[in-house]
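A.B. asks: heads up, no residue letters with this:
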């Protein structure tokens, strides 16, 4: 018996790196069998990670050597865990025969994922060698819109008939023996392909052999439509915590199922997209940071930067309208960043909380008044605390006149209140008009608060210091 | 047969709201049975959501009426899906007998969750009425450190012996019949309680009845330690995509299992914490936005705001060192926000990408050189594009002298390069020294870039415009 893997992440990562180095050393020495044994101490997910590292650091030749060492069944699993780019690299370096084998053995949903990544000529070559029935199914699956439930589902599920007994059903499952995650919920079809109900393997195992499936099945179940967006799919999984959900077409015919393990990735991808948008980076996050080319990075970052350049220029123009104030009391320039920065920061805090709340369904559009009321109270307290702090610093440390301190303090309270209410409201307004609330984070909020904060500050100064504009 | 629920989220939410209103109307009219029928069209997750809404809008009395309408077994499920706060409210409003029933029937891990939320006196009252064996187990579970694997696990799992046959194992599972998610992986123990291997229900179903468990079980499995932090637990689930993972103590004895559905919540919580930190909000996100009091909101937001006030004041002081430049060329004040803002924005973009990359394990500390090289190239291109754009705007639209335009353009390239490299490096440096990289987002990056950008800009101006400081 081999040692079970420890999941203490730090030790594990270290062990992982050491073992990978050992394997590469063994390869150098042409000690292939030893290298293989070392490699096989890990499971398919880990081996895939090792191949990823090797591909990045040493290129595809070395990866293919390692890949060919693997027992065939494991190599298929490992292949399906690799990122799309790496799969494409490997496909380019192995023989047609090896490729055929992998494609034949892969789970159907993984196969679709790979085919979507590969260049058209290779896809055609693969489809040529695929049996006619399956080819038809693959073509059907490839036609679903990108990011729809249709592209995530697998047609590999257990379907039962209402009229079967539990004993018959169990015998049928034994004879089918599908992959692990697709077997735990079975789907009961009526007549042709219409989905009638679902029954869990657990219920089957516990029930008596002669119970009828129709008595056992649940007829109130959650299902997805084949055209649902992957974000909705992820929502449904997060909400209900099911292992798998059935996918039906517009005629309520069962066309496939989606399993939770494929959704974990989608949730991560969607969250990454949200986070990046909140940080002012556009574009899809379908590639890893390092795999993305320099120009793609530029393209993803430029839109917000240009937008903000324009708003910052407007802010500049607004500020220059107050030249009279600034040239008379040049010390105000030193406090301008303070007001603008605080506006941006407090607004961003509120916007971040609201965007996240909306995204995890803790908040709803109907909560808008509650949000505004909460932000109003929070901003008054924060505004007062920051005002006092700044007033004391300006008068005592900077030795400025109390009127300058008062100007900053008064402007501060107004700015904080404005920024908090804006940060609370803007994401909700975006959602209301069907725009992604994540776009209302730092870049948008700080663009607006920069403009407004500087005007509030300089206007307050002109009033309190009695300077005619 | 009732209509199956549609998962088209928009239609569903609307339907949901309408039905909830209908139920409340029926309650008003004392049409309890009709209200109950309407309620029971939904599953436990949805009913819990309805109760949440009712609690928020109408208070606990109304919720308890609805809650008492539910069949007992459903009421237990609904209760376990409610957020902690709401559970506490309901516990305060139902009878001891009702509470005992709920506590008795709940899954063990949910029970632990509830007990952790309840005030000590109620916990004691509940434990008094719990059978001795279970009380011992509960007390053991309650002792695990907060957010550890120990608090997430359930002791409800199927344990088999190596010497059993598949037939015996299936008969045993039938007799035990545990809750749905805990039954799909069975755990094989050796002698006392040491975990020896795992076997999936799928493998059992497919195997012949007289196969020995020892021949069927997998001895290379991933496991967790009872003291692992919930973040590590979530990592393991995300990485391997398993349904359940066994939890062992330091002697490798199996003490419980964690199932994937409980992890979905943890992943969401951890992501929320990351996002909030990136937006400058501290504190744990164990409560929903609206449930959190005003002072807790203030407390979570004040630390960063005070920190940034201090750095913004330093920026102000730095700027006032250049009073000579500013008072001679007051128009520069108008371009100061542009430089500072662009520094903050470009830095935040880079930091966001790196923080997320680190958090989903796409990036590693060893990638630091690759990250810097990528950011360097991206920043040069972005810097040049923004410089040209700004130069033209300043000279053509603002009608300023080309030297002013050149000052802004030169400073812009330097600022963008500095900010991108800082944004790329700071999260990695934080990780290196064991600080959460998420703390290196907007607030920290913009604090530093504000200071540096203004100095770069004003220093460039003094050199190019030939002004002695």
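C.D. replies: Great, that's in hand. Quantities reported herein were computed from a predicted structural model and do not represent experimental measurements. Numbering: from 1, shown residues only, chains lettered A, B, ... in the order given.

A.B. asks: show me where the stretch 351-469 of chain A dips below the pLDDT cut-off.
C.D. replies: Residues of the stretch 351-469 of chain A that meet the criterion pLDDT under 70 lie in A:469.

A.B. asks: for whichever residue of it sits closest to chain B, give me its contacts.
C.D. replies: Nearest residue of the stretch 351-469 of chain A to chain B: residue A:352, at 2.7 Å (Cβ to the nearest Cβ). To be clear about C-beta, it is placed using only N, CA and C from the backbone, and glycine gets the same treatment. For residue A:352, the contacting residues are A:278, A:423, A:441, B:275, B:276, B:278, B:279, B:280, B:281, by Cβ atoms under 8 Å, 6 or more residues apart in numbering or on different chains.

A.B. asks: let me know the secondary structure of the second one.
C.D. replies: Read it as residue A:423. helix (DSSP: H, G, I helix; E, B strand; the rest coil).

A.B. asks: the residue lying closest to it once chain neighbours are set aside - how many residues pack around it?
C.D. replies: Closest residue in space to residue A:423, ignoring its immediate chain neighbours: residue A:350 at 3.1 Å, by Cβ to Cβ, 6 or more residues apart in numbering or on different chains. Other residues lying near residue A:350 total 29 when counted by other Cβ atoms under 10 Å in any protein chain shown.

A.B. asks: correct me, but residue A:350 touches residue A:420?
C.D. replies: Yes. With contact defined as Cβ atoms under 8 Å, residue A:350 reaches residue A:420; the gap is 4.8 Å.

A.B. asks: between these two, which contacts overlap?
C.D. replies: With Cβ under 8 Å, 6+ apart, residue A:350 and residue A:420 have common neighbours A:375, A:378.

A.B. asks: ok so, going back, tell me the spacing between the residue nearest to residue A:423 and residue B:278.
C.D. replies: As judged by Cβ to Cβ, to the nearest Å, residue A:350 and residue B:278 stand 14 Å apart.

A.B. asks: do residue A:158 as well
C.D. replies: On the measure of Cβ to Cβ, residue A:158 and residue B:278 end up 43 Å apart.

A.B. asks: so which residues on the stretch 51-200 of chain A come close to chain B?
C.D. replies: A:170, A:173, A:174, A:177, A:180, A:181, A:183, A:184, A:195, A:200 (Cβ under 8 Å from any Cβ of the partner chain).

A.B. asks: and the second one, what's its pLDDT?
C.D. replies: What that stands for is residue A:173. Predicted confidence (pLDDT) for residue A:173: 88.

A.B. asks: how far off centre is the host helix or strand of it?
C.D. replies: Assigned by DSSP states H and E, residue A:173 falls within helix A:166-176. What separates the centre of helix A:166-176 from the centre of its chain is 38 Å, taken as Cα atoms, centre = their mean, to the nearest Å.

A.B. asks: report the contact partners of residue A:300.
C.D. replies: Counted by Cβ under 8 Å, 6+ apart, residue A:300 has contacts A:276, A:281, A:282, A:283, A:292.

A.B. asks: counting neighbours, which of those residues comes out on top?
C.D. replies: residue A:281 (23 neighbours).

A.B. asks: ok, that residue - contacts?
C.D. replies: Going by Cβ under 8 Å, 6+ apart, the list of residues near residue A:281 reads A:300, A:301, A:304, B:349, B:352, B:353.

A.B. asks: the contacts of residue A:352 in helices, which ones?
C.D. replies: When those are checked against helices (DSSP state H), the matches are A:278, A:423, B:275, B:276, B:278.

A.B. asks: which members of the contacts of residue A:300 define the maximum pairwise distance?
C.D. replies: A:282 and A:292 (12.7 Å; Cβ to Cβ).

A.B. asks: re the thing from before, quick check, nearest of the residues of the stretch 51-200 of chain A next to chain B to residue B:432?
C.D. replies: residue A:181 (37.5 Å).

A.B. asks: list buried residues within the ones in helices among the contacts of residue A:352.
C.D. replies: Buried by 16 or more other Cβ atoms under 10 Å in any protein chain shown: A:278, A:423, B:275, B:276, B:278, out of the ones in helices among the contacts of residue A:352.

A.B. asks: need those residues in CSV with distance to residue B:86, can you?
C.D. replies: Shown next, in CSV, are those (distance: Cβ to Cβ, whole Å):
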residue, distance to residue B:86
A:278, 29
A:423, 27
B:275, 24
B:276, 22
B:278, 29
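
A.B. asks: pick the one among those closest to residue A:336.
C.D. replies: The closest of those, once distances to residue A:336 are taken by Cβ to Cβ, is residue A:423, at 20.6 Å.
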